[in-house]
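Peer 1: For reference, the sequence and a predicted model appear below.
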Amino acid sequence: MLAVATLEVTNTDEWLMAIAAGRAVGISTTATPSNHTHPSLVFRPLVDAPEVPVLLAWREGPDIRRCGAWWR
């Protein structure tokens, strides 16, 4: 039987470093290699993998203007 463990990371770069160090494996969307590169990693497509839904949520109200600052 295969033992499975969980490695908790706080962001994509930390996740990629864990994979590069041989401490983890990962599956991601096609956007990852174009937005986050690592010299020790090679991204390979997964054949017949299901699509990954992307959802966007926001809170309505007076603070909505502050939420939009990160994409400017």
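Peer 2: Thanks, I have the structure now.
Peer 1: Please work out how many residues are found near residue 27.
Peer 2: Using other Cβ atoms under 10 Å, residue 27 has 8 other residues around it. Every C-beta, even on glycine, is put in place using the N, C-alpha and C of the backbone.
Peer 1: need the contact list for it.
Peer 2: 46, 49 (Cβ atoms under 8 Å, 6 or more residues apart in numbering).
Peer 1: same deal with residue 61?
Peer 2: So residue 61 contacts nothing (Cβ under 8 Å, 6+ apart).
Peer 1: So it: helix, strand or coil?
Peer 2: coil (DSSP: H, G, I helix; E, B strand; the rest coil).
Peer 1: gap between it and residue 55?
Peer 2: Taken as Cβ to Cβ, to the nearest Å, the spacing of residue 61 relative to residue 55 amounts to 20 Å.
Peer 1: in this structure, which spans are helices?
Peer 2: Counting by DSSP state H, one finds helices in the chain at the ranges 12-20, 32-35, 64-67.
Peer 1: just the CA coordinates of the first one, formatted as PDB?
Peer 2: The C-alpha trace of helix 12-20 is given here as PDB (Å, rounded to 0.1, in the frame of the first residue of the first chain):
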ATOM      1  CA  THR A  12       2.800  28.600  -5.100                       C
ATOM      2  CA  ASP A  13       6.500  29.400  -5.000                       C
ATOM      3  CA  GLU A  14       6.900  27.400  -1.800                       C
ATOM      4  CA  TRP A  15       4.900  24.600  -3.300                       C
ATOM      5  CA  LEU A  16       7.200  24.500  -6.400                       C
ATOM      6  CA  MET A  17      10.300  24.600  -4.200                       C
ATOM      7  CA  ALA A  18       9.000  21.500  -2.300                       C
ATOM      8  CA  ILE A  19       8.500  19.700  -5.600                       C
ATOM      9  CA  ALA A  20      11.900  20.700  -6.800                       C
END
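Peer 1: So which residues make contact with that helix?
Peer 2: In contact with helix 12-20 (Cβ under 8 Å, 6+ apart) are residues 7, 9, 24, 25, 26, 32, 35, 36, 38, 40, 41.
Peer 1: Tell me how many other residues surround the fourth one.
Peer 2: This points to residue 25. Residue 25 has 8 nearby residues by other Cβ under 10 Å.
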